[in-house]
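Peer 1: I would like to see how this sequence folds:
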Amino acid sequence: MTQEITNFAELELSDALQQALTDLNFHTPSPIQQQTIPWLLQGRDIIGLAQTGTGKTAAFGLPILQRLSSTIQGPQALILAPTRELAIQVAAHLEAMSVHQKNTRITVLCGGQDYRPQLQKLREGAQIVVGTPGRILDHIERGTLNLTQLRTFVLDEADEMLRMGFIEDVETILAKLPEERQIALFSATMPSRIRQIGTRYLKDPVTVEIRMETATVKTIEQRFLFASQPQKPDALLRVLAVEECQGVIVFVRTKSSTEEVATLLQQQGHRAMAIHGDITQNLRERVIAQFKQGVIDVLVATDVAARGLDVERVTHVINYDMAHDCETYVHRIGRTGRAGRSGVTILFVTPRESRMLTTIERHTRQRIEKTTVPTDYMIQVARQQRFMANITSRLEHENLPSYRRIIEDYLKTNEVSPIDVAATLALLCNQDKPWEQKISSPAAPARAKEARV
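Peer 2: Now for the predicted structure:
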C-alpha cells in the first residue's frame with residue numbers, strides 16, 4: 001500500500017466523518033495518517049513510530065469511528081494513554097471527529113476521578129473507552145469493564161508508558177484482551193521492552209516509521225544560556241522580563257521545585273501556578289483551564305504533569321532544569337510551536353551540563369543558539385519598546401476620540417504641555433511606580449539533592 005493519499009476524501013470514510021474533517025479544516029492527511037489509516041481500516045495490526053504532534057490521534061481514531069457497530073454491546077475500542085491529560089485530549093479529539101455520527105458514546109476512565117460517573121458511562125454502553133493503565137486495570141479487575149466484545153486496542157505513547165513505570169500494568173491489560181482483536185501500538189522510540197511487547201502480542205503487524213528531518217519542529221527557536229543553580233531564579237525573572245510571552249511553561253525536575261519556582265514568580269507579580277503529580281485531578285484541571293483562558297500566564301510543571309498538554313497560547317517553553325534525556329527534551333519543547341505556530345524555547349545549562357547540551361544538539365540535528373542572561377539595560381529597552389508598541393496599536397482604536405476630547409478640554413483649561421499630560425497618564429497606568437525597575441530575586445533556598453519526578 002504505497003500509493004500516496006493527498007486528501008481525506010480518497011479514504012473510504014463515512015460521510016459523517018468526512019463532514020467532521022471538513023468542519024475541522026482537515027484536508028490533507030499527515031504522513032502517519034496516510035500510512036496507517038488504510039491498514040487499520042483493513043483490520044491489520046500496526047506499529048507506528050512517530051514523534052508527538054504528528055497526528056496520531058486521527059490516525060487511529062478515524063478507523064475506530066469508521067468501524068463502530070451499532071449491534072455490538074459493550075466497549076469496541078480501548079485506547080490506553082500514559083496520563084490523564086493525554087487521555088482527556090484524545091477523547092476530546094474523538095468527540096470532535098464523531099460529531100456527525102449518531103449515538104457514538106466515548107468515555108474517559110482515569111485515576112483521580114470519581115468512580116460513579118465512570119460506572120454510569122459504562123452502564124450506558126460506552127463504545128470507545130480512553131484511559132490510563134491503573135484505572136483501566138482496576139475496572140477490569142472489578143468486572144465493570146467488559147472486554148469480551150473489544151475489536152481494537154490502541155497503546156499510545158508506549159515508550160512513555162515504559163518510562164513512567166506503567167509497562168507491567170499495560171502487559172496485564174494486553175493479556176486480558178480477547179483472542180480476536182486489532183492492536184495499534186504507537187511510540188516515539190522503540191526500546192527493547194516495547195519491541196518485545198510488539199512481538200508477543202501483535203499479529204503480523206505493519207510497521208510504519210515517520211522519519212522527521214529533525215527531531216524537533218522547525219518553527220521552534222531554540223536557545224540556551226549558562227546559569228548555575230543559585231543563578232537560575234534571577235535568570236528566569238530576567239528572561240520573562242524581556243521576552244514577548246503569552247503562555248509560558250517552565251519545566252523543573254521535582255515536585256518541590258514547582259512550588260518554589262511558582263512562589264518566586266508570584267512574589268514578583270507573575271500570574272503563575274504549579275502542577276505536579278501530587279495535586280488533585282480537580283485542581284489540575286482547573287489550573288490548566290485557567291492557563292488556557294489566560295487567567296494564568298506561567299505554568300511551572302514536572303514532565304509527568306505536563307504530558308499531553310496542548311495549549312495554543314504557549315509561546316515559550318523554559319527548561320529551568322535540564323531534561324534527563326533527549327526524548328524528554330523533545331517532548332518538552334513540543335509544547336510550543338504546534339500546528340505550524342512559532343515558538344521559543346530557552347534551556348538553562350549549568351557548567352556541568354555542557355556535555356548534555358551537545359548530546360541534545362546531536363540528537364535533534366539542530367543547533368541551539370547561545371544567549372546570555374538579560375541585563376538591566378536590556379530589560380529597560382524591552383519594556384520601552386513594548387510600551388511604545390502599545391501606544392501605536394491604540395492610535396486607531398474606536399474609543400480613542402472620546403478620550404481625545406477629554407484631553408483637549410483639559411488642555412484648554414490648564415496651562416500644561418501635552419507631553420506632561422501624556423507622561424502623567426503613563427504614570428497612572430503604571431500605578432505611580434518608577435519607570436526604572438530592577439530585578440531583585442530572593443536567593444534560591446538550599447536543598448538536598450532530590451529524586452527526579
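Peer 1: The stretch 101-250 of the chain: strands as residue ranges?
Peer 2: Using DSSP state E, counting those that start in this stretch, the strands of the stretch 101-250 of the chain run over 106-109, 128-131, 152-155, 182-187, 206-209, 220-226, 247-251.
Peer 1: Using TSV, please lay out the ones you listed together with mean neighbour count and distance to residue 38.
Peer 2: Bear in mind the C-beta positions are built from the backbone N, C-alpha and C, glycine included. As requested, the strands of the stretch 101-250 of the chain are exported to TSV (neighbours: other C-beta atoms under 10 Å; distance: least, C-beta to C-beta, whole Å):
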stretch	mean neighbour count	distance to residue 38
strand 106-109	23	23
strand 128-131	27	21
strand 152-155	24	15
strand 182-187	24	13
strand 206-209	16	10
strand 220-226	19	31
strand 247-251	26	36
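Peer 1: wait, which of those is closest to residue 261?
Peer 2: For residue 261, the closest of the strands of the stretch 101-250 of the chain is strand 247-251, at 6.1 Å, according to C-beta to C-beta.
Peer 1: Check what pLDDT the spatially closest residue to residue 104 that is not a sequence neighbour gets.
Peer 2: Nearest non-adjacent residue to residue 104, counting by C-beta to C-beta, 6 or more residues apart in numbering: residue 98, 4.2 Å away. For residue 98, the model assigns a pLDDT of 95.
Peer 1: ok, back up a step: including distance to residue 358, could the strands of the stretch 101-250 of the chain go into TSV?
Peer 2: Formatted as TSV, those follow (distance: least, C-beta to C-beta, whole Å):
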stretch	distance to residue 358
strand 106-109	41
strand 128-131	39
strand 152-155	33
strand 182-187	26
strand 206-209	26
strand 220-226	11
strand 247-251	20
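Peer 1: Surely the residue nearest to residue 104 is in contact with residue 21?
Peer 2: No - contact criterion C-beta atoms under 8 Å: residue 98 and residue 21 do not qualify, at 11.2 Å.
Peer 1: With distance to residue 13 and mean pLDDT added, can I get the strands of the stretch 101-250 of the chain in TSV?
Peer 2: Below are the strands of the stretch 101-250 of the chain laid out as TSV (distance: least, C-beta to C-beta, whole Å; pLDDT from 0 to 100):
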stretch	distance to residue 13	mean pLDDT
strand 106-109	18	95
strand 128-131	16	96
strand 152-155	16	97
strand 182-187	17	95
strand 206-209	19	92
strand 220-226	32	93
strand 247-251	34	95
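Peer 1: mind checking which of those strands is nearest residue 429?
Peer 2: The nearest among the strands of the stretch 101-250 of the chain, by C-beta to C-beta, is strand 247-251 at 23.3 Å.
Peer 1: so what strands line up beside that closest one?
Peer 2: Using DSSP bridges, strand 247-251 pairs in its sheet with strand 298-301 (parallel), strand 314-319 (parallel).
Peer 1: among those strands, which is the most enclosed?
Peer 2: Burial of those is given as mean neighbour count (mean count of other C-beta atoms under 10 Å); strand 298-301 ranks first at a mean of 26.
Peer 1: Now tell me what touches it from outside.
Peer 2: For strand 298-301, contacts defined as C-beta atoms under 8 Å, 6 or more residues apart in numbering pick out 240, 247-252, 257-258, 261-262, 265, 270-276, 287-288, 291, 306, 309, 320.
Peer 1: Among the residues you listed, which lie within helices?
Peer 2: 240, 257, 258, 261, 262, 265, 287, 288, 291, 306 (DSSP state H).
Peer 1: farthest pair in those residues?
Peer 2: 240 and 288 (20.0 Å).
Peer 1: Which residues outside stretch 380-395 are in contact with it?
Peer 2: Residues contacting stretch 380-395 (C-beta under 8 Å, 6+ apart): 241, 242, 244, 374, 400, 426, 435, 436, 437.
Peer 1: ok, 7 Å please
Peer 2: With C-beta atoms under 7 Å, 6 or more residues apart in numbering as the test, stretch 380-395 has contacts from 241, 242, 400, 436.
Peer 1: didn't the first one look like it was pressed against residue 439?
Peer 2: Meaning residue 241. Yes - using C-beta atoms under 7 Å, residue 241 is in contact with residue 439, at 6.3 Å.
Peer 1: anything in contact with each of the two?
Peer 2: residue 379.
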